[in-house]
Each structure stands twice: as C-alpha cells, then as structure tokens.
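Student: need a 3D model of the following:
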Amino acid sequence: MEMHKEKMERWVVKIESLCSKVEEQIKIWENTFSSKLYKMDEAVNKTEIFVKSVRYIQLQEQSRLNKSLQEIVENIEIRSKNETELIGEHMNSMLESMSSKIEEFMAVTACVSSSQTFPDYVVRFSTVNFKEGIDNLDKFKSSGKFICEIPGLYYISAHIYTNTQGYGFNVKKNGVNIATSASGSGSTDTTNPISAVVELQPKDTLYVYAGHYIYASQSCMSIMKIN
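Tutor: Predicted coordinates:
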C-alpha cells in the first residue's frame with residue numbers, strides 16, 4: 001500500500017508538472033496569437049489608410065483633369081467665338097466695301113446714231129449700248145458731254161470712223177485738251193482711236209471734240225470709273 005501511495009504521489013507530481021507546462025505553453029500560444037492578431041489588425045489598418053490615400057489622390061487628380069479639360073473646352077469656345085466674330089467682321093467689311101464699290105461704279109458705252117458733222121464739234125454719242133450708275137444720261141445724249149457725278153479716276157476711250165484725211169480730234173476735260181489723235185492721211189476711210197485716264201470731280205465734264213465728218217455705228221465712246 002505504501003508503495004502504491006508513493007507511486008500515486010509521484011504521478012500526481014508529474015501530472016501537476018505536466019499541467020503547469022501545458023498551461024505555460026498555452027499562455028505562450030495565446031500571447032503569440034494575440035501578437036499576430038495585433039499585427040494583422042495593424043496591417044489591415046495600414047491597408048485601409050493606403051487605399052483611402054490612393055482614392056483621395058485619384059479623386060484629386062480626376063478633379064484636376066476635369067478642371068483642365070473644362071478650361072481647354074472654354075478656351076476653345078472663346079477662341080472659336082473670337083475667330084467667328086473676326087470672320088464676321090471681315091466679311092461685313094468686305095461686303096460693305098463691295099457694296100460701296102458697286103454703288104460707286106459708273107460706266108457708259110455709246111455710239112454716234114447718224115453720220116454727220118457736229119456744228120459745235122462736240123460729238124454726240126446718243127445711241128447708248130450700256131450704262132451703269134449714271135443719272136443724267138439724257139443730258140449726256142443731248143449734249144455729248146459726260147458730267148461727273150462721283151469723284152474718282154476715270155478711263156475714256158473712243159473710236160472715230162471718218163473719211164476726212166489727217167484731221168485732228170481731242171478728248172477734253174472742262175474745255176481743256178487732255179488727249180489728241182488724228183485721222184489717217186490715206187485715201188480710204190479710217191477708224192482712229194483715242195484714250196485717256198483722268199481724275200474727275202463732281203460736275204467736271206468730259207467729251208470728244210471733232211470738227212470733221214463722222215460715220216455712225218462704228219464711231220463709239222466708252223467711259224468708266226476705275227477708282
């Protein structure tokens with residue numbers, strides 16, 4: 001009995017020692033597991049902070065890009081509007097200039113209506129073939145004198161068809177010769193040209209001055225405002 005008692009006591013001591021070791025190991029495991037859980041929690045928190053930081057940076061960058069894109073679009077709209085306005089102004093200016101030039105355009109082409117000699121030497125080109133911008137056309141046809149209505153630079157050209165030999169004729173401005181020509185010296189009928197460019201002011205007169213016999217239809221004159 002004594003022997004069994006001693007054995008039992010030894011077993012109890014061993015079991016208690018073993019239990020103590022087991023408890024110590026369990027505590028070690030618990031501490032280790034708690035430490036790992038803490039590290040895991042810390043890693044999760046850091047990950048969440050990183051994700052939030054990345055998301056914030058992404059939102060900031062997206063906002064910046066949206067703002068830049070909006071500024072680019074607004075600049076394009078402003079430039080397009082300015083260019084459209086400039087083009088519109090240029091077109092209006094061109095149209096006004098063209099309209100002004102059209103309004104100031106003046107031209108006439110006329111021929112002698114019947115073969116004759118003009119007593120006052122002022123050739124009447126009374127058959128009008130073309131006219132533009134002339135108000136006093138009747139006076140031109142009856143007097144033979146072109147009366148300037150719009151100031152500017154004018155071109156006059158005339159062809160005189162005649163059988164008179166070596167006879168001079170002129171273009172006159174306000175009674176003053178500005179160009180001179182003459183009929184041919186041969187024995188046949190001739191068509192003789194004369195032309196001039198002259199500056200005219202309102203009420204200035206321009207006409208062809210010839211005292212010899214002039215054939216109709218082929219004796220014509222053209223006057224045109226060129227500037």
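Student: SS state for the residue most central in space within the chain?
Tutor: Closest residue to the average C-alpha location of the chain: residue 87 at 3.9 Å, with C-alpha atoms, centre = their mean. When classified by DSSP: H, G, I helix; E, B strand; the rest coil, residue 87 comes out as helix.
Student: measure it to residue 77 for me?
Tutor: Distance, residue 87 to residue 77, by C-beta to C-beta, to the nearest Å: 15 Å. All C-beta atoms are positioned from the backbone trio N, CA, C, and that covers glycine.
Student: where do the helices sit along the protein?
Tutor: For the chain, the helices defined by DSSP state H cover 2-104, 137-143.
Student: weakest of those helices by average pLDDT?
Tutor: Looking at the helices of the chain, the lowest mean pLDDT belongs to helix 2-104 (a mean of 70).
Student: contact partners for residue 168?
Tutor: Taking C-beta atoms under 8 Å, 6 or more residues apart in numbering as the contact definition, residue 168 lies against 180-183.
Student: buried subset of those residues as a ChimeraX selection?
Tutor: Selection of buried members from the contacts of residue 168 for ChimeraX, criterion 16 or more other C-beta atoms under 10 Å:
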select :181,182,183
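Student: out of the contacts of residue 168, which is nearest to residue 10?
Tutor: The shortest approach to residue 10 among those belongs to residue 181, at 160.1 Å (C-beta to C-beta).
Student: mind listing what the closest one touches?
Tutor: 160, 168-170, 192-194.
Student: try 7 Å
Tutor: Taking C-beta atoms under 7 Å, 6 or more residues apart in numbering, we find residue 181 in contact with 169, 192-194.
Student: now for the residues you listed, which sits with the most neighbours around it?
Tutor: residue 169 (24 neighbours; other C-beta atoms under 10 Å).
Student: distance of that residue from residue 131?
Tutor: Using C-beta to C-beta, we find residue 169 at a distance of 24 Å from residue 131.
Student: please name the bridge partners of the spatially closest residue to residue 158 that is not a sequence neighbour.
Tutor: In space, residue 158 comes closest to residue 221 once its chain neighbours are excluded; the distance is 4.1 Å by C-beta to C-beta, 6 or more residues apart in numbering. Note on residue 221: beta-bridge partners residue 110, residue 158, judged by DSSP bridges.
Student: just the pLDDT for residue 221.
Tutor: 94.
Student: what sits against it?
Tutor: 110, 125, 156, 158, 208.
Student: which single one of those residues is nearest to residue 227?
Tutor: Nearest to residue 227 among these: residue 156, at 14.0 Å, using C-beta to C-beta.
Student: surely the closest one touches residue 224?
Tutor: No: under the criterion of C-beta atoms under 7 Å, residue 156 makes no contact with residue 224, lying 8.1 Å away.
Student: the more surrounded of the two?
Tutor: Comparing residue 156 with residue 224 by other C-beta under 10 Å, the one with more neighbours is residue 156, at 22 against 17.
Student: mind listing what that one touches?
Tutor: Contacts of residue 156 (C-beta under 7 Å, 6+ apart): 171, 195-196, 198, 206, 221, 223.
Student: farthest pair in those residues?
Tutor: Within the contacts of residue 156, 198 and 221 form the most distant pair, 13.6 Å apart (C-beta to C-beta).
Student: of all the contacts of residue 181, which two lie farthest apart?
Tutor: Taking C-beta to C-beta, no two of the contacts of residue 181 sit farther apart than 169 and 193, at 10.7 Å.
Student: lovely, talk soon.
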